[in-house]
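Trainee: No sequence on hand, only this structure:
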């Protein structure tokens, strides 16, 4: 199965942006969970 280069060009940045957003959200969520555990 050979991917069309246009699909890679379009989806590549979208996937990269989604991964970056997920990474940032996960980091913030973990920090908040740690803060909640310290207060409990």
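Mentor: Okay, I see it. In this text, all values refer to a predicted model and were calculated from it rather than measured experimentally.
Trainee: For residue 2, give me the pLDDT.
Mentor: Among the per-residue scores, residue 2 holds a pLDDT of 79.
Trainee: for it, what are its contacts?
Mentor: Contacts of residue 2 were listed using C-beta atoms under 8 Å, 6 or more residues apart in numbering, and none were found. Heads up, the C-betas are built off the backbone N, CA and C, glycines and all.
Trainee: name the element residue 10 belongs to?
Mentor: Under the assignment given by DSSP states H and E, the secondary-structure element containing residue 10 is helix 5-39.
Trainee: quick one: that helix to chain centroid distance?
Mentor: Distance of helix 5-39 from the chain centroid (C-alpha atoms, centre = their mean, to the nearest Å) equals 2 Å.
Trainee: and that helix, average pLDDT?
Mentor: Along helix 5-39, the predicted confidence averages to a pLDDT of 95.
Trainee: Which other helices and strands does that helix contact?
Mentor: Judged by 3 or more C-beta pairs under 8 Å, 6 or more residues apart in numbering; DSSP states H and E, helix 5-39 has no packing partners among the helices and strands.
Trainee: For it, buried residues please.
Mentor: Along helix 5-39, no position meets the burial threshold by neighbour count (16 or more other C-beta atoms under 10 Å).
Trainee: distance of residue 33 from residue 18?
Mentor: Between residue 33 and residue 18 the distance, using C-beta to C-beta, to the nearest Å, works out to 22 Å.
Trainee: no wait, residue 31
Mentor: Relative to residue 18, and taking C-beta to C-beta, residue 31 is found at 21 Å.
Trainee: cool, and residue 6?
Mentor: Using C-beta to C-beta, residue 6 is found at 19 Å from residue 18.
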